[in-house]
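1. for reference, the sequence and a predicted model appear below.
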Amino acid sequence: MKQLFVNGQVFTGTGVMRSAFAEENGKFIAVGSTEEILSLKEENDQVIDLANRFVCAGFIDSHMHLVNYGNVMGCCNLMEHTTSVADIQQALRDFIAAEKIPAGSWVRGRGWNQDYFVDNHDLPTRAQLDAVSTEHPICITRCCGHSLVVNSKALEVLGIDTVEKIDGGAYDLATGAFFDSAMTLVYARLPQPDRAEIKKMILRACKGLNALGVTGSHTDDLCAFENTPWQEVIAAYHELEAENKLTVRVYEQSQLTTPEALREFLAAGYKTGVGSDMFKIGPLKLLGDGSLGARTAYMRKGYADQPDERGLAIFTQEQFDEMICLAHENGMQIAIHAIGDGILDRILLSYEKAFALCPREDHRSGIVHVQLTRPEQLKKMQRLNLHAYIQSIFLDYDINIVEARAGKELASTSYAFHTLKQMGLHVSNGTDCPVEMPRALHGIQCAVTRCTLSGKGPYRPEEAMDVSEALLSYTAESAHASFDENVKGKIQPGMLADFVVLSDSPFRVPANKISAIQVKKTFLGGACVYER
Ligand SMILES: [Zn+2]
């Protein structure tokens, strides 16, 4: 039985708009005009009228944290409660009451951003969380995931009463704030989920993603929990796949932090490309530095508004050299988080060495975020043929701080999304969810307008993408990043029938209204997985 979708505005991703397409056995089998597609109709075929709605390939978020998203969905959501500490306190109190969390049990929150506070821009403190509860251990993680704050009960339960020096991190008992690697001190001692709980998180996340039109996720999950081995996370995915319950195609950006862990992973038979259309091993993922918001992005020079601070580098040059070389010579694709230009220097040098030592044509290794960049770094990325995993939605917040933090000069050559594309590099989009909600259409609006969602800007409008380019960054380019350019990401015969039906065409609404477009239906392999 075929499904014939007709009378739509179909963005095929191949440069032409069509009005109809046919699906059979999970794949597109024909694309054309409504008459052409209707002429294929046989007895049991179903005809679906798209009612002139816009259709494109399902969104593929090329860098996010799916398990973590599912986990956050079960925590107190602080993303919408960031106007003041009082707001956060109230949200936590409400959450404790609504979830009936007993004294002694952990209360987790995620998503606040002090830069959005209306009264001051200070981090929340231990004392302010004590005002919420001294009975519950509380841990709230900043939207970027690079800092957290705990209350006194949490420090007591965790048994943390002295400050030790931590490589790549810092913490302060007086304020209860923990940064980067030091967050491990907290996370490692939190109750760890078992496989059944991880599966629940994955299913929750898949549902949330489908509702936003997302059918594919390049996701960094293996380090989602400090004490749960990566094997459990992979097993959770495998079980869900076998149970036919996965509704998002997963490409695992496998974060392994030591050469030993990477060797163990390889010895277990895992490597880029191993797996199926539903769950596949992706690149080795490494974290280079922190975030701009938390001032932990690693800068070549100091922060413009705090010149003695350069941020945090998570790996030394030697450590990068070893990990990148080991992964590259073993046939792994590599994706490395870099926000500051200082860490990007290091990563580019390590890539250069590894590629020279072991040349490989189509490695598709790359840089995740690619935010603060100098022109010669972009040229080097071009020479090394690196993939750029951008998050255009980050402009929504970063426009407010980029000049103050990075300084005028560096800000004037950063977030160079269009330049990267012009240089012939592949540029795929994503949200780093749960840093941002996985709303592709919000990211597309920011990529096109170079403004915040509320209209502040534009910041470097010469780096804007056009609507087509932005849509492709969320579909075909993400597919390219998983070596799937002939498998998905476009509406073309032979490709997986993953697609979304939108309430409006992003080409027809004003650019600053793209984020208001609704996802009406989401299809995965020809089956409807979301409908509103
Ligand atoms: Zn990330």
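-> Sure thing, it's come through.
2. please count neighbours and contacts with C-alpha atoms only from this point.
-> Fine.
3. could you measure from the nearest residue in space to residue 329 that is not next to it in sequence over to residue 278?
-> In this structure, residue 329 finds its nearest non-sequential neighbour in residue 358, 6.2 Å apart by Cα to Cα, 6 or more residues apart in numbering. Going from residue 358 to residue 278 by Cα to Cα, to the nearest Å gives 31 Å.
4. these two: who's more crowded?
-> residue 278 (18 against 12; other Cα atoms under 10 Å).
5. mind pulling up the pLDDT for the more buried one?
-> On the pLDDT scale, residue 278 is placed at 98.
6. tell me how far residue 485 lies from residue 360.
-> Counting by Cα to Cα - residue 485 and residue 360 are separated by 19 Å.
7. scratch that, residue 331 is what I was asking about
-> 9 Å.
8. neighbours of the closest residue to residue 44 other than its chain neighbours, how many?
-> Closest residue in space to residue 44, ignoring its immediate chain neighbours: residue 1 at 5.8 Å, by Cα to Cα, 6+ apart. By other Cα under 10 Å, 12 other residues sit near residue 1.
9. shouldn't residue 1 be in contact with residue 22?
-> No: applying Cα atoms under 8 Å, one finds residue 1 not in contact with residue 22, separated by 10.5 Å.
10. ranges for the strands of the stretch 1-150 of the chain?
-> 3-6, 9-11, 17-18, 20-24, 27-32, 46-49, 54-57, 59-64, 76-77, 107-112, 138-142, 147-150 (DSSP state E, counting those that start in this stretch).
11. next: the stretch 351-500 of the chain.
-> Under DSSP E, counting those that start in this stretch, the stretch 351-500 of the chain gives strands at 366-369, 387-390, 427-429, 499-502.
12. got a list of contacts for the first one?
-> Right, strand 366-369. 63, 334-339, 386-391 (Cα atoms under 8 Å, 6 or more residues apart in numbering).
13. please repeat the previous calculation with a cut-off of 10 Å.
-> Among residues not part of strand 366-369, those counted as contacts by Cα atoms under 10 Å, 6 or more residues apart in numbering are 62-63, 283, 285-288, 333-340, 344, 347-348, 351, 381, 384-392, 394, 415, 426-432, 481.
14. of the residues you listed, which belong to helices?
-> Secondary structure from DSSP state H places 344, 347, 348, 351, 381, 481 of those in helices.
15. now, among the residues you listed, which is nearest to residue 200?
-> Nearest to residue 200, judged by Cα to Cα, of those is residue 481 at 27.4 Å.
16. wait, the closest one touches residue 390, no?
-> No: the pair residue 481 / residue 390 is not scored as a contact, 11.9 Å apart, by Cα atoms under 10 Å.
17. anything in contact with each of the two?
-> 62, 427, 428.
18. look at the closest residue to the second one other than its chain neighbours and say how many residues are nearby.
-> Okay, so that is residue 427. Spatial nearest neighbour of residue 427, chain neighbours left out: residue 388 (4.7 Å); criterion: Cα to Cα, 6+ apart. Other residues near residue 388 number 27, with proximity taken as other Cα under 10 Å.
19. if I look at residue 388, how far off is residue 382?
-> 10 Å.
20. give me the common contacts of these two.
-> Common neighbours of residue 388 and residue 382 (Cα under 10 Å, 6+ apart) are 420, 421, 425, 426.
21. any idea how far the last one lies from residue 384?
-> Pointing back at residue 426 there. Residue 426 is 12 Å from residue 384, by Cα to Cα.
22. who's more crowded, the two?
-> residue 426 (22 against 19).
23. quick check: chain neighbours aside, which residue is closest to that one?
-> residue 387 (5.3 Å).
24. which element is residue 179 on?
-> Element membership of residue 179 [criterion: DSSP states H and E] is strand 177-180.
25. just the mean pLDDT for that strand, thanks.
-> Rounded mean pLDDT across strand 177-180 is 94.
26. I figured residue 419 hits residue 426, correct?
-> No: the criterion here is Cα under 10 Å, and residue 419 misses it with residue 426 at 11.0 Å.
27. state the helix or strand in which residue 235 lies.
-> Per DSSP H and E: helix 230-242 holds residue 235.
28. how about that helix: buried residues?
-> 230, 232, 233, 234, 236, 237, 238, 240, 241 (16 or more other Cα atoms under 10 Å).
29. what's it packed up against?
-> helix 195-210, strand 249-255, helix 259-267, strand 279-287 (3 or more Cα pairs under 10 Å, 6 or more residues apart in numbering; DSSP states H and E).
30. so what's residue 453 up against?
-> Residue 453 touches 393, 395, 396, 397, 442, 443, 445, 446, 512, 513, 514, 515, counting by Cα under 10 Å, 6+ apart.
31. cutoff 6 Å now
-> By Cα atoms under 6 Å, 6 or more residues apart in numbering, residue 453 lies in contact with residue 396.
32. rewinding a little: highest average neighbour count across the strands of the stretch 1-150 of the chain?
-> Mean neighbours per residue, mean count of other Cα atoms under 10 Å, is largest over those for strand 59-64, with a mean of 30.
33. hmm, who's touching it?
-> 213-219, 429-430, 432-433, 474-475, 478.
34. ok, now with 8 Å
-> In contact with strand 59-64 (Cα under 8 Å, 6+ apart) are residues 213-220, 368, 389, 428-434, 438, 440, 474-475, 478-479, 481, 489, 499-500.
35. ok, now stretch 208-218?
-> Against stretch 208-218 from outside (Cα under 8 Å, 6+ apart): 58-64, 66, 247-253, 282, 438-440, 498-500, 519, 521-524, 529-531.
36. now do it: distance from first to last residue.
-> 15 Å.
37. any idea of the mean pLDDT in that stretch?
-> Here the average pLDDT along stretch 208-218 is 98.
38. swap in stretch 491-505?
-> Stretch 491-505 comes out at a mean pLDDT of 98.
39. about what we covered before: gap between the residue nearest to residue 427 and residue 475?
-> 14 Å.
40. near the residue lying closest to residue 231 once chain neighbours are set aside, how many residues? Count them for me, please.
-> Nearest residue to residue 231, sequence neighbours excluded (Cα to Cα, 6+ apart): residue 222, at 8.0 Å. Neighbourhood size, residue 222 [other Cα under 10 Å]: 22.
41. now do the one 5 residues further on
-> Around residue 227 sit 15 other residues, with neighbours defined as other Cα under 10 Å.
42. about what we covered before: could I get the strands of the stretch 351-500 of the chain as TSV with distance to residue 38?
-> Formatted as TSV, those follow (distance: least, Cα to Cα, whole Å):
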stretch	distance to residue 38
strand 366-369	43
strand 387-390	39
strand 427-429	34
strand 499-502	19
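43. on that earlier part again, list the residues that contact the residue nearest to residue 44.
-> Residue 1 touches 24, 44, 45, 46, counting by Cα under 8 Å, 6+ apart.
44. so residue 505 makes contact with residue 54?
-> Yes: proximity of residue 505 to residue 54 meets the contact threshold set by Cα under 8 Å, at 5.2 Å.
45. what sits in contact with each of the two?
-> residue 9.
46. from residue 387, how far out is residue 381?
-> In terms of Cα to Cα, residue 381 sits 8 Å off from residue 387.
47. likewise for residue 227?
-> 31 Å.
48. list just the nearest of the buried residues of helix 230-242 to residue 86.
-> Closest to residue 86, out of all of the buried residues of helix 230-242 and judged by Cα to Cα, is residue 233, at 36.2 Å.
49. tell me the contacts of the closest residue to the closest one other than its chain neighbours?
-> Spatial nearest neighbour of residue 233, excluding adjacent residues (Cα to Cα, 6+ apart): residue 222 at 6.3 Å. Residue 222 makes contact with 229, 230, 231, 233, 234, 254, 255, 256, according to Cα under 8 Å, 6+ apart.
50. walk me through the domains of the protein.
-> Taking automatic domain parsing as the criterion, the chain consists of the domains 1-52+487-532, 73-187, 285-465.
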